[in-house]
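Novice: only geometry, no sequence info:
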């Protein structure tokens, strides 16, 4: 009696999920695993304990110059709450400064400090190495294809 009950439960579980769907083959799952690998490499190699979003924030500020916190978040596709925390931590490390916006007294602009520029200059070659290590399992043509496809769906 017990055995037939267990078999019936197993048969019900098989019917409850789609036999053609395997979680480990889904794009979201695979992207998350790849991103975890990249973040782990970033954590292992990046200078000053910078996270990937912190580095991206600093690099974008180097590219565009001073801007509002909200604009920075939009430029690197990070939500308002997250960019707020990133900016706060980078200011605490002395890598960013803020000043009033000359065109809008209600807003502040953030920019790289001299120390932040120096760290970024030293971190750029490390960031390139991290990208190379992330893509290391792929051939050159596979890397190009992956990056092109990610841009296409992003």
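Specialist: Happy to help now that I have it. The shown structure was predicted, so the numbers you read here are calculated from the model rather than taken from an experiment.

Novice: hey, let's count contacts and neighbours off CA atoms from now on
Specialist: Will do.

Novice: any residues touching the lengthiest strand in the chain, and which ones?
Specialist: In the chain, assigned by DSSP state E, the strand with the most residues is strand 104-112. With contact meaning Cα atoms under 8 Å, 6 or more residues apart in numbering, strand 104-112 is reached by 58, 61-62, 65-69, 95-101.

Novice: can you pull out the helices in the chain?
Specialist: Along the chain, counting by DSSP state H, helices occupy 2-16, 27-45, 52-64, 69-75, 80-92, 114-135, 140-153.

Novice: TSV for these, including distance to residue 108, mean neighbour count and mean pLDDT?
Specialist: Compiled in TSV, the helices of the chain are given as follows (distance: least, Cα to Cα, whole Å; neighbours: other Cα atoms under 10 Å; pLDDT from 0 to 100):
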stretch	distance to residue 108	mean neighbour count	mean pLDDT
helix 2-16	53	10	64
helix 27-45	30	14	96
helix 52-64	14	18	98
helix 69-75	8	18	96
helix 80-92	12	16	96
helix 114-135	18	16	97
helix 140-153	32	11	97
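
Novice: Throw those into a markdown table and include distance to residue 105, thanks.
Specialist: Putting the helices of the chain into a markdown table (distance: least, Cα to Cα, whole Å) gives the following:
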| stretch | distance to residue 105 |
| --- | --- |
| helix 2-16 | 58 |
| helix 27-45 | 37 |
| helix 52-64 | 21 |
| helix 69-75 | 14 |
| helix 80-92 | 19 |
| helix 114-135 | 24 |
| helix 140-153 | 37 |
